[in-house]
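J.: give me a model of this one.
(4 chains)
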There are 2 protein chains.
Amino acid sequence: MTTTDPQQEDAILRGFMGYRLKRAMNVFSSNLAVVLKPFDLRMITFSTLASVVNTPGVRLSQLAEILSVERPNLVAIVDELQKRNLIERKRDPNDRRAFGLFPTKAGQTLLHEAMQNVDVSERKILETFSDADMEHLTSLLAKIETAAKG
Amino acid sequence: MTTTDPQQEDAILRGFMGYRLKRAMNVFSSNLAVVLKPFDLRMITFSTLASVVNTPGVRLSQLAEILSVERPNLVAIVDELQKRNLIERKRDPNDRRAFGLFPTKAGQTLLHEAMQNVDVSERKILETFSDADMEHLTSLLAKIETAAKG
DNA sequence: ACAAAATAGTTATTTCCCATAACTATAACA
DNA sequence: TGTTATAGTTATGGGAAATAACTATTTTGT
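T.: Okay, the predicted model is just below:
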């Protein structure tokens, strides 16, 4: 196809790190969508399930904060995962307002299969990256995150 | 690093480059939204306007491809920018199916003011980055993009 | 030359993402 | 004990993203 365009229509945007970051992100997020599709998971349901498996008993509000999702938006996600019997809500006996979120056996199994596939697909994308490249990229991205907090 | 910090509910996700990339991206995209708000621009209207200023006469379909937006979704964006008198559609005399998109004077002025502000805000985020850091990050992100195509 | 296929732009529709206000029930606090 | 804060939720709306299908042209194949 004719991608031999000498004049890059987005040249003016290439000067922004945010734009370059977004384009790189798109590679991962569209890949993720494809990989998760067979599991009937999306990015948000995947990361929610992963966090619940990682931290059994976690509260919805904790999850919302760590995943940068508004609490109301997470309710439907948790509902969906619970309806599919991948996680469950258990009333906290010490705080009857709250639920702890726990993975079911099925949830753990599904997550680990999905994670395995995501991992393989990411390795494919990053196949030309040296260990030093990986470490450097990871460190630079972390630096951006901390820059936002300080 | 497989150390599971009980404080980090997303520890399991930190192992994925896509997740780390997304978190870094969020810093830029939420910053962008704030910076563009006074101009009544969003990420998509900003990048569309920028591309039109960068490449006067560009077609909607070219824009859709370069910006990774589906053509139908770009129609409303172009409508919006045209209604605000920032760009205009001009029939291509050599291909009466197509329009060339051109910036108005107002569009150019608004874009340059907005770009100036975006640039300043990005510099703030990247304030602790050395020139070498910037070059390295840019090169690693470009490597991800090319990995997706090849 | 002309029918078939491709292209540019568009409309319509659907699903999902993201943000906010407001409600309930409990808990913490002063 | 009465006020305030917190956890979860409902409802709502705007915006992003994907797809099917249409009109008007242009290109292509024979």
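J.: can you show me the CA trace of the worst-scoring helix or strand of chain A on mean pLDDT as CSV?
T.: In chain A, no helix or strand scores lower on mean pLDDT, DSSP states H and E than helix A:131-149, which sits at a mean of 94. What follows is helix A:131-149, C-alpha atoms only, in CSV (Å, rounded to 0.1, in the frame of the first residue of the first chain):
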residue,chain,number,x,y,z
ASP,A,131,17.4,-6.4,28.3
ALA,A,132,19.0,-2.9,28.6
ASP,A,133,16.3,-1.5,26.4
MET,A,134,13.6,-3.0,28.6
GLU,A,135,15.1,-1.7,31.8
HIS,A,136,15.6,1.7,30.3
LEU,A,137,12.1,2.0,29.0
THR,A,138,10.6,0.7,32.3
SER,A,139,12.6,3.2,34.2
LEU,A,140,11.7,6.1,31.9
LEU,A,141,8.0,5.3,32.1
ALA,A,142,8.2,5.1,35.9
LYS,A,143,9.9,8.5,35.9
ILE,A,144,6.9,9.9,34.1
GLU,A,145,4.5,8.4,36.6
THR,A,146,6.4,9.8,39.6
ALA,A,147,6.7,13.2,37.9
ALA,A,148,2.9,13.4,37.9
LYS,A,149,2.7,12.8,41.6
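J.: show me what it is packed up against.
T.: helix B:17-36, helix B:105-125, helix B:131-149 (3 or more C-beta pairs under 8 Å, 6 or more residues apart in numbering or on different chains; DSSP states H and E). Heads up, the C-betas are built off the backbone N, CA and C, glycines and all.
J.: mind redoing it with 10 Å?
T.: helix A:17-36, helix B:17-36, helix B:105-125, helix B:131-149 (3 or more C-beta pairs under 10 Å, 6 or more residues apart in numbering or on different chains; DSSP states H and E).
J.: buried ones in the lengthiest strand in chain A?
T.: Ordering each strand of chain A by length in residues (DSSP state E) puts strand A:95-103 first. Within strand A:95-103, the residues scored as buried using 16 or more other C-beta atoms under 10 Å in any protein chain shown are A:F99, A:G100, A:L101, A:F102, A:P103.
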